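Peer 1: Following is a predicted model, sequence given first.
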Amino acid sequence: MAAPAGDRRNGHAARRARDAPSNRRTPTRVAAFALLCAASLGLAAGYAWWSAARRASFVQDVSLPPIGSLAEIDPPTATAPSDSEGARTADTTQPPATPEGGAASPPRDARLPEDRSGGAVSSSRESDPDPGTEVAAARRGRGSPAPAAANPAAEADADDAQPKPAATENTTGAAGSTAGVDSDDPHAERVLLLRHTALDESFGVASVERLDEASGGRRATPLRCDRVDFAGERGVCLTTDRFYTTHAIMVFDRGFEPLHRLPLHGVPSRVRLSPDGRLAAVTVFVSGHSYLDEGFSTETSIVDTYSGERRVANLEELQVYRDGAPFRAIDFNFWGVTFAADGDRFYATLGTGGTTYLVEGRVSTRRADVVAEGVECPSLSPDQSRLVFKKRLPLAAGLGWRLHVMDLRSRAVTPLAELRSVDDQAEWLDDSTVLYAIPDTSAPTPMVTDVWQVPADGGGAPELLLEGASSPAVLR
Amino acid sequence: MYQVEAWSALRRARRGAGGGLGWRHVSGTVWALGFTSLFTDVSSEMVATVLPVYLVLYLGLTPLQFGIVDGLYHGVTALLRLASGVAVDRTGRSKEIALAGYGASAASRLAMLAAGASWPLIAGVVAFDRAAKGARAVPRDVLISLSSRRDGLATAFGVHRALDSAGAMLGPLVALAILGALPNAFDVVFVASFSVAVVGLGVLVLFVNNAERPAAPAPTGNGSAPPTTPAHAASAGGSEAPGAAAVEPTATEPRLALSGGLPTGPPPPSGHGATRSLIAGILRTPGLLRLTVAATMLAAATVSDGFLYLLLQREAGFSPGLFPLLYVGTSGCYLALAVPAGGLADRIGRQRAFLAGYGLLAAAYLTTMQSGIGFPGIAGCLILLGAHYALTDGVLMAFASGRLARERRGSGLALLTTAAGLARLSGSVVFGALWTRYGAGTAVPVFLIALVAAIAGAAVLLRDTGGKSER
């Protein structure tokens, strides 16, 4: 590189560089830049609009008719409507405490369903003048088989301090109620609270549906929930707000009024109330999004639905015992809680070291014991005698679970007739049928699910019960 | 974190900008480069601040997978600096090389969109983008220095860094706005990031002119090749500004305080013999090896901000859409605490202040371990992080540069940067692995202990560096 030539070249270049800006900063460049800005920002805006439209386009315009309160749902009656009207006006002004005393005679012990149910139903059929007991009896006799009736009696018993269930859905008098016991379809008067999952404007809305045709179909509550349950006087809705807040527990009452709101630290997974509605067990994913994710982590807490406080902030606080010895590990995950009728004892799933266990515990003692292995998301039957749960399929059979029922006394496990994988905590429609949600494979997204029913004795076949629904909660 | 580095570079540039010409005399090319950097930083920070949320909470990647991506994010930037510096020196086509770097980063936004949920692809896109970032730093600074008069160099860099920092702060706010209007619309964030990057590219293409190499000055006769290259001219020009720590083209180093105050030109282009003697000279530099070991230890025990914010989000449960605010918060705390931190360093000595800064980082780890943390806890963590950056940012590079002869500075700092970058990478991967396998309840305490041990080790190693007289 000869120095003089280099200097000359550099001199030229320097001059060009110096002069160039003034030469080149022509309006053409500015115009080109403006055009570029407009084009690229327009691209971004257009994409944003298209993306938002695409999300919204899943939704069709249908939306469900509203329902303002569970009080609006009337069960059908075989007898004159006058009975129902009379009872309806009566129950809104019922005194809270005394009816409980009247129905308190059946013992709380849930282990002898036959005796309890016999006792309860028979006492309801006697001429008990107390309107509260009458209504409670009406509920019990409302077409459910006798063992199931025992549970509502126990629920009523447990609610000494709580307002009497308005029981307006059981607006028949005692006479009218017993007619339901003998009806052809014992499920007809069942009222379910569920999450609507059809692709329309009401997607994700908690809805109420009665299982007979005369009810007028599904109706939308004001609540949007990822998961919902209702028992006694309280419902719990796990919500995900879309705008700068996150997941939350929302406790509501019969009129769908929000009573308490607590923050959740993860994606909602399961919620289950005790039969008296006082305690709610809530499971969220703190990491991972599903039970199929590797290394998922859950957090389960128990909330008092009346005080709005967490009774147990995290089930990992419990003392767990296995074969009598303390059982502790750093990777404990609890999920899938189901309460017994006394509202204190519960069953849950404990996952640790790649194995899942069924634990049985009590909220009051904060203690749980391992009782079985390979049981996930148990749900206790209304007669307290059996658990329906999902059992992990062996890896060779693919990813997923199959529903089984375990008899708590004999520990016998029966697979149910549903052969598809079920990732859900099942719900008992009554003592012989379980409900669960399965994604609708014909829908464009697995968010669309249907609720199916299958007999709990392992026989029969699955039947589609509710289209476009999930998280069924049977109101008892 | 990049925003902090951007602001620290600005502070250093302004420190050196006393005297000389005012900013009105800064050439149009420098302004154009500044706006290119502004738009590009908006684009990259938009994506960077939502990346933890996008990967872990939205796509559901495990912390280990996120740790690998995060490690690449912090460790890869230094990779192409050297090569691009050599390319600039050899070919003189700074604008084209910078264009390639900016263009590659813009393309990587769309690639991120296309990568979808496949985390190896995502990791590749992140690595590609960060490598491109490293590659364009030197040509950009060369262009700045060649387009400015010697006595206006500090001001020119100051202007550029100011625009750069403004972009780094704006980016998360834009992401916040997009996610607020369209929740979980990460694809929109990526496309918007791409379009802003294209605007920045447009500024570069239309308004920035390439500058040719100046004539070679006389050889310095010290056995290594003379500093003939524009990169060296940039470094030479930079170091002539008041205070060698004033001007620095290295605002893009990994977060570990290795964004030094010093220029890093490439080593003189010569044969193997010169290179070998260069390396030997570097390794023989007293204290440099100890500095490198200290930097590596501290970097390996560092939990990156993305992880810390994820832990905070887990404990506090606030909406993922607010994630970018955490980055803005830490940057803000850094800005507020930078001057007091400098005062503290002057009083107790730079080295002690540096170690105290890492102690603050350990305290920040502690805040993420609190369960049921609320807004005060989050604010406390951000303040601790900001103070940590204020006390530690650039210090190690300053220590190293103080010991390296000028002609070795580029390579020496590159060595330091690369070692720390690799340590950051491994630290992120290890933390992610621990979190995935054993849970955050194990991972954080392990790193807390490791960090305390690293601080103790660094205290021993840095014993005779950084007294009060050290700049």
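Peer 2: Noted; the coordinates are in hand. What you see is a predicted model, and the numbers here were worked out from it, not measured in a lab. Numbering: from 1, shown residues only, chains lettered A, B, ... in the order given.
Peer 1: For burial, what's the neighbour tally of B:Phe194?
Peer 2: When neighbours are counted by other CB atoms under 10 Å in any protein chain shown, B:Phe194 registers 26. No exception for glycine: its C-beta is placed from N, CA and C like everyone else's.
Peer 1: thinking it is in contact with B:Ser43, fair?
Peer 2: Yes - using CB atoms under 8 Å, B:Phe194 is in contact with B:Ser43, at 7.3 Å.
Peer 1: intersection of neighbour lists for those two?
Peer 2: Common neighbours of B:Phe194 and B:Ser43 (criterion: CB atoms under 8 Å, 6 or more residues apart in numbering or on different chains): B:106, B:109.
Peer 1: any idea of the mean pLDDT in stretch B:384-395?
Peer 2: Per-region confidence: stretch B:384-395 scores 87 on mean pLDDT.
Peer 1: Distance from that stretch to the middle of the chain?
Peer 2: 13 Å (CA atoms, centre = their mean, to the nearest Å).
Peer 1: Over to stretch B:433-447?
Peer 2: 26 Å.
Peer 1: again, but for stretch B:142-153
Peer 2: 22 Å.
Peer 1: for stretch B:342-352, same thing?
Peer 2: Worked out by CA atoms, centre = their mean, stretch B:342-352 lies 22 Å from the chain centre.
Peer 1: try stretch B:38-56
Peer 2: Its chain's C-alpha centre and that of stretch B:38-56 lie 14 Å apart, by CA atoms, centre = their mean.
Peer 1: Need the phi and psi values for whichever residue of the stretch 151-300 of chain A sits closest to chain B.
Peer 2: Closest approach between the stretch 151-300 of chain A and chain B, counting by CB to the nearest CB: A:His265, at 4.1 Å. Phi and psi for A:His265, reported as degrees, to the nearest 10, are phi -100, psi 30.
Peer 1: Touching, it and B:Leu312? I think so.
Peer 2: No - with contact defined as CB under 8 Å, A:His265 does not reach B:Leu312; the gap is 11.4 Å.
Peer 1: Which residue ranges make up the domains of chain A?
Peer 2: With automatic domain parsing as the criterion, the domains of chain A are listed as A:77-181, A:191-475.
Peer 1: worst average pLDDT in those domains?
Peer 2: What stands lowest among those, in mean pLDDT terms, is domain A:77-181, with a mean of 38.
Peer 1: list the contacts for the residue of the stretch 151-300 of chain A closest to chain B?
Peer 2: Contacts of A:His265 (CB under 8 Å, 6+ apart): A:247, A:284, A:286, A:299, B:314-317.
Peer 1: Of those, which belong to strands?
Peer 2: A:247, A:284, A:286, A:299 (DSSP state E).
Peer 1: Looking at the residues you listed, state which has the most neighbours.
Peer 2: A:Val284 (24 neighbours).
Peer 1: Got phi/psi on the one residue in the stretch 51-200 of chain B that gets nearest to chain A?
Peer 2: As assessed by CB to the nearest CB, chain A sits closest to B:Ser195 within the stretch 51-200 of chain B, at 3.7 Å. Dihedral pair for B:Ser195: phi -70, psi -40, per degrees, to the nearest 10.
Peer 1: Run through the residues that contact it.
Peer 2: B:Ser195 neighbours (CB under 8 Å, 6+ apart): A:40-41, A:43-44.
Peer 1: Next one: it from A:Leu350, what distance?
Peer 2: Per CB to CB, to the nearest Å, B:Ser195 is found 50 Å from A:Leu350.
Peer 1: Mind jotting down where the strands sit in the stretch 301-450 of chain B?
Peer 2: Counting by DSSP state E, counting those that start in this stretch, the stretch 301-450 of chain B has no strands at all.
Peer 1: Please identify the residues of it in proximity to chain A?
Peer 2: B:314-322, B:436-439, B:441-442 (CB under 8 Å from any CB of the partner chain).
Peer 1: hmm, 7 Å instead?
Peer 2: B:314, B:317-319, B:321-322, B:436, B:438-439, B:441-442 (CB under 7 Å from any CB of the partner chain).
Peer 1: Looking at those residues, state which has the most neighbours.
Peer 2: Of those, with other CB under 10 Å as the count, B:Gly321 tops at 24 neighbours.
Peer 1: does the lengthiest helix in chain A come close to chain B?
Peer 2: Looking across chain A with DSSP state H, the single longest helix is helix A:27-57. Yes - contact of helix A:27-57 with chain B (CB under 7 Å from any CB) involves A:29, A:32-33, A:36-37, A:40-41, A:43-44, A:47-48, A:51-52.
Peer 1: Just the buried ones from these?
Peer 2: Using 16 or more other CB atoms under 10 Å in any protein chain shown as the burial test, those include A:33, A:36-37, A:40, A:44, A:47-48, A:51 as buried.
Peer 1: Export those as JSON lines, with columns for distance to A:Leu315.
Peer 2: Compiled in JSON lines, these are given as follows (distance: CB to CB, whole Å):
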{"residue": "A:Phe33", "distance to A:Leu315": "60"}
{"residue": "A:Leu36", "distance to A:Leu315": "57"}
{"residue": "A:Cys37", "distance to A:Leu315": "55"}
{"residue": "A:Ser40", "distance to A:Leu315": "51"}
{"residue": "A:Ala44", "distance to A:Leu315": "46"}
{"residue": "A:Tyr47", "distance to A:Leu315": "44"}
{"residue": "A:Ala48", "distance to A:Leu315": "42"}
{"residue": "A:Ser51", "distance to A:Leu315": "39"}
